[in-house]
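Student: Whatever this is, show me its structure:
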Amino acid sequence: MLQVWLRTQHSPLLVWHVDAQEWHPVDNWQQLHDIYGTHGQKGVCLYFPSAHALHVSSVLSPAQLKQLGVSGQQYLFEELSISAPSTLVVRRSAADTDAMQHLYALTDIDIAAWEQGLALVGLHLQALLPDFLLLPAPELMDGTEVTLYQDMDTTVFRQSMAVGGALSYAPLLLEQLPTLQSIAMLPNSEGITRDDTVLTALMQLPVQLSERYVSPSPITLPERHALNFFAKTHSSALSPYLRVALMVALAALVLQMATDAAQLYRYHQATEATKAATAEQYQAWFPNERLNPKTKLQAQVQPKLRQSATTQSAHMTMLARVSPVLKQSAVTAQTLNVQPAAIQMQLIAPNRQSLDDLVATLGTQGINAQLQQVNAAEAGAVNGEVQVLIDTANNDKGGA
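Tutor: Predicted coordinates:
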């Protein structure tokens, strides 16, 4: 994997040579590919200008920062960023000697631009880190000392394992680090010179300048570094707000499923009760025949309803023929008992002869009537029972 240092957006690139332990310049991305990419080196670890990264120090603990979630951490940079907080990619430095938590943010537009720039020349990005990580940490990491690299294109400093950045104006260094006492200057690679103007401004600061003969160099395992902005996050941690929303939605879903299950259970109970009541009623109507559960109820009952309607029609026809004869006689009907094949009539007559005359008259009308029983009643009257037999076929013909 190529280790490439982009000091400013349009400066020449520096490529780390492991064998020589120094940086070699190339003019642009295309030249980078032509020199190194043609030999099979396609992956690039890019150290971008620290000036592009936003830095926030927080007193919140790692657990509290985790509870904020991605969106909450993005809004910590709201006052520093000219872009919308939602466009920021946030990383937290993994270790430092102080109790503060140090977070860095980079816009997704910058990440996409560098990734596409490499892709256009046939290279691909594998890691993306701020360039202050190239500098060694100072020997004293209590805020009194920094290491500093300076050339014609950039000025970068590092205060501790987690804190560093770019310096655009030398006197601002004391405003950022008011306890600063000494600056350790790092050497430049061959062919890369320092900016005398910046060097003069640094010499005017009330701090001690010294030389430290350790060149900026790439870190080991850049893809696993906490400040790798190209790392695809695999964290499935959710913000508290999203967790609450998901829990509410899950509770609503469980409640709906329980309600549906209860309704289904009640529907099943009602169905079974209906079936039992239907079978019981059917058995009451037709005691000699069992209800077949595999056949529709309508198909079993309808023929019987038609037969019942026919029977009722035959009885009504017979009553219509008997009624005029009763009205013309001296006999009075007391009760009427309709049976499937006959009509039983309880009659009151002045004497036995009146009942015999009634039966004879019904016989002349083609009605099969029989005097079943005669009993004495009050005031010399008699109480008789006459049965009229129903012949459905003959009544149908008579009606026709």
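Student: Any regions of the stretch 51-200 of the chain where pLDDT drops low?
Tutor: 95-98 (pLDDT under 70).
Student: now the helices: where do they sit in the stretch 251-400 of the chain?
Tutor: For the stretch 251-400 of the chain, applying DSSP state H, counting those that start in this stretch gives helices covering 297-328, 352-364, 392-399.
Student: Which one of those helices has the poorest average confidence?
Tutor: Ranked by mean pLDDT, these bottom out at helix 392-399, with a mean of 48.
Student: All the strands of the stretch 101-250 of the chain, in order from the start?
Tutor: For the stretch 101-250 of the chain, strands defined by DSSP state E, counting those that start in this stretch occupy the ranges 101-107, 124-130, 145-150, 155-158, 164-166, 182-185, 208-211.
Student: what's the most buried one of the ones you listed?
Tutor: strand 155-158 (a mean of 26; mean count of other C-beta atoms under 10 Å). For glycine as for every other residue, the C-beta is placed from the backbone atoms N, C-alpha and C.
Student: Can you list the strands that that one pairs with?
Tutor: strand 145-150 (antiparallel), strand 164-166 (antiparallel) (DSSP bridges).
Student: Take the strands of the stretch 101-250 of the chain and write them to TSV, including distance to W5.
Tutor: Listed next are the strands of the stretch 101-250 of the chain as TSV, based on distance: least, C-beta to C-beta, whole Å:
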stretch	distance to W5
strand 101-107	16
strand 124-130	10
strand 145-150	10
strand 155-158	10
strand 164-166	13
strand 182-185	18
strand 208-211	21
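Student: L362: which of these is closest?
Tutor: For L362, the closest of these is strand 101-107, at 112.2 Å, according to C-beta to C-beta.
Student: Sheet-wise, list the partners of that closest one with their directions.
Tutor: For strand 101-107, using DSSP bridges, the partner strands are strand 54-58 (antiparallel), strand 88-92 (antiparallel).
Student: so which of those is the most packed in?
Tutor: Buried most deeply of the strands paired with strand 101-107, by mean count of other C-beta under 10 Å, is strand 88-92, with a mean of 20.
Student: quick one: it to strand 124-130, angle?
Tutor: Here the directions of strand 88-92 and strand 124-130 differ by 70 degrees (axes from the mean of the first three to the mean of the last three C-alpha atoms, to 10 degrees).
Student: show me the contacts for Y36.
Tutor: 2, 15 (C-beta atoms under 8 Å, 6 or more residues apart in numbering).
Student: same question, the one 5 residues further on
Tutor: Residues touching Q41, when contacts are defined by C-beta under 8 Å, 6+ apart, comprise 1-2.
Student: quick one: it is in a strand?
Tutor: No. Going by DSSP: H, G, I helix; E, B strand; the rest coil, the assignment for Q41 is coil, not a strand.
Student: And it, how far from T144?
Tutor: With the distance defined as C-beta to C-beta, to the nearest Å, Q41 ends up 41 Å from T144.
Student: that older thread, export the strands paired with strand 101-107 to a markdown table and tack on distance to L205?
Tutor: Converted to a markdown table, the strands paired with strand 101-107 look like this (distance: least, C-beta to C-beta, whole Å):
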| stretch | distance to L205 |
| --- | --- |
| strand 54-58 | 21 |
| strand 88-92 | 31 |
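Student: V338 is nearest to which of those strands?
Tutor: Nearest to V338, of these and by C-beta to C-beta, is strand 88-92 at 93.8 Å.
Student: which residues sit against the closest one?
Tutor: In contact with strand 88-92 (C-beta under 8 Å, 6+ apart) are residues 54, 62, 65, 70, 73-74, 76-77, 81, 101-108, 111, 226-229.
Student: so which of the strands of the stretch 101-250 of the chain comes closest to M345?
Tutor: Among the strands of the stretch 101-250 of the chain, strand 101-107 sits nearest to M345 (C-beta to C-beta), with 106.8 Å.
Student: what does that closest one rub up against?
Tutor: 48, 52-62, 65, 73-74, 76-77, 80-81, 83, 87-93, 96, 128, 130, 162-163, 227, 229.
Student: What of stretch 340-360?
Tutor: By C-beta under 8 Å, 6+ apart, stretch 340-360 touches 311, 315, 318-319, 322, 325-326, 329-338, 369-372, 374, 377, 380-390.
Student: Buried ones among the residues you listed?
Tutor: Among these, those scoring as buried are 315, 318, 322, 325-326, 329, 331, 369, 371, 374, 382-388, 390 (criterion: 16 or more other C-beta atoms under 10 Å).
Student: pretty sure A279 is touching N292, no?
Tutor: No. A279 is not in contact with N292 according to C-beta atoms under 8 Å; the separation is 10.1 Å.
Student: Among these two, which residue is more densely surrounded?
Tutor: More crowded of A279 and N292, by other C-beta atoms under 10 Å: A279, with 14 against 11.
Student: how far away is that one from L221?
Tutor: A279 is 78 Å from L221, by C-beta to C-beta.
Student: Same check on A84?
Tutor: For A84 relative to L221 (C-beta to C-beta), the value is 32 Å.
Student: what about H24, neighbour count?
Tutor: Neighbour tally, H24, other C-beta under 10 Å: 16.
Student: isn't there a helix covering it?
Tutor: No. With three-state DSSP as the criterion, H24 is strand rather than part of a helix.
Student: Report the beta-bridge partners for it.
Tutor: V15.
Student: Just to check, it is in contact with L14?
Tutor: Yes. With contact defined as C-beta under 8 Å, H24 and L14 form a contacting pair (6.9 Å).
Student: Need the pLDDT of the closest residue to T332 other than its chain neighbours.
Tutor: Ranked by C-beta to C-beta, 6 or more residues apart in numbering and with sequence neighbours excluded, the top spatial neighbour of T332 is I348, at 4.8 Å. Looking at I348, its pLDDT reads 89.
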